[in-house]
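Asks: sharing a model that was predicted from the sequence below.
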Amino acid sequence: MLLPYFQENQIEAGCDEAGRGCLAGPVVAAAVVLPPDYHHPVLNDSKQLSEKQRDELRIEIVKEAISFGVGVASPGEIDDINILNASYLAMHRAVDQLKITPEMLLIDGNRFKPHNEIPYECVIKGDGKYYSIAAASILAKTHRDELMRQLALEFTGYSWETNMGYPTRAHRSAIKAQGVTPHHRMSFQLLPAQLELFD
């Protein structure tokens, strides 16, 4: 059972990101402020849900949230400042999209870079503990998946419509055969050292 808040009677925004481990595409973060009495029987960590459930919950969250924001950091920014700092940047951008200033940020994970002097609490596996973080995980994941499907129409052959830019065998085989795109993260190890995997 997920918890509705970290501390009673304060405005809390749950924050999470999607796409940190990908070889291509942006990292996307979301921040969500839910009503303090919000609950949902299905809402959970986005990784525990089916695509259909995530898509349905995305509609529900957008409708029910007091406020929400989505932030994106590009592959170029990831290469420039590294994936950890790019994840913070995407979260900061998501928080900046909120129409209400939160009194506390609930961050999924164990590290965060402070933003606008807003107090924060890092929660390991928070997307399976708090509704607001779970909601943020769903918005980040569904927004990013949508972006990758759009990119897949332009850059065919990499199977981004199914692997979403993650380092699958098919994705790496396509990199070896077709080369990289402007959406690949050049600071990542795009191909493993053991190239005999692709013989």
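Replies: Noted; the coordinates are in hand. What you are looking at is a predicted structure, and each value in this text was computed from that prediction instead of being measured.

Asks: how about the contacts made by Asn116?
Replies: With contact set as C-beta atoms under 8 Å, 6 or more residues apart in numbering, Asn116 has these partners: 92, 95, 101. The C-beta positions use only the backbone N, C-alpha and C, and glycine is treated the same way.

Asks: now do 10 Å
Replies: Neighbour list for Asn116: 92, 95-96, 101-102, 105 [criterion: C-beta atoms under 10 Å, 6 or more residues apart in numbering].

Asks: among those, name the buried ones.
Replies: By neighbour count, with 16 or more other C-beta atoms under 10 Å, those hold 92, 95, 102, 105 as buried.

Asks: biggest separation within those, which pair?
Replies: Greatest spatial distance among the buried ones among the contacts of Asn116 (C-beta to C-beta): His92 and Pro102, at 12.5 Å.

Asks: what do those two both touch?
Replies: 15, 31, 116, 118.

Asks: would you mind measuring from the second one to Phe112?
Replies: Going back to what we said before, that points to Ala31. Ala31 sits 12 Å away from Phe112, taking C-beta to C-beta, to the nearest Å as the criterion.

Asks: now this structure, which segments are flagged as low pLDDT?
Replies: Along the chain, segments meeting pLDDT under 70 span 193-199.

Asks: what is the helix or strand that Ala29 is a member of packed up against?
Replies: Remark: Ala29 resides in strand 27-33, with elements defined by DSSP states H and E. In terms of contacts (3 or more C-beta pairs under 10 Å, 6 or more residues apart in numbering; DSSP states H and E), strand 27-33 is packed against strand 12-18, helix 51-64, strand 67-73, helix 75-81, helix 83-96, strand 104-108, helix 131-154.

Asks: and the helix or strand just after the shortest one, how far out from the chain middle?
Replies: Per DSSP H and E, strand 104-108 leads on to strand 120-123 as the next helix or strand towards the C-terminus. Taking the mean of its C-alpha atoms, strand 120-123 sits 16 Å from the chain's own mean (C-alpha atoms, centre = their mean, to the nearest Å).

Asks: what are the buried residues along strand 120-123?
Replies: Applying 16+ other C-beta under 10 Å to strand 120-123 flags 120, 123 as buried.

Asks: export it as CSV, just CAs?
Replies: Only the C-alpha atoms of strand 120-123 are listed here, as CSV (Å, rounded to 0.1, in the frame of the first residue of the first chain):
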residue,chain,number,x,y,z
TYR,A,120,13.8,17.6,-0.2
GLU,A,121,13.9,14.0,1.0
CYS,A,122,15.5,11.2,-1.0
VAL,A,123,13.6,8.0,-0.8
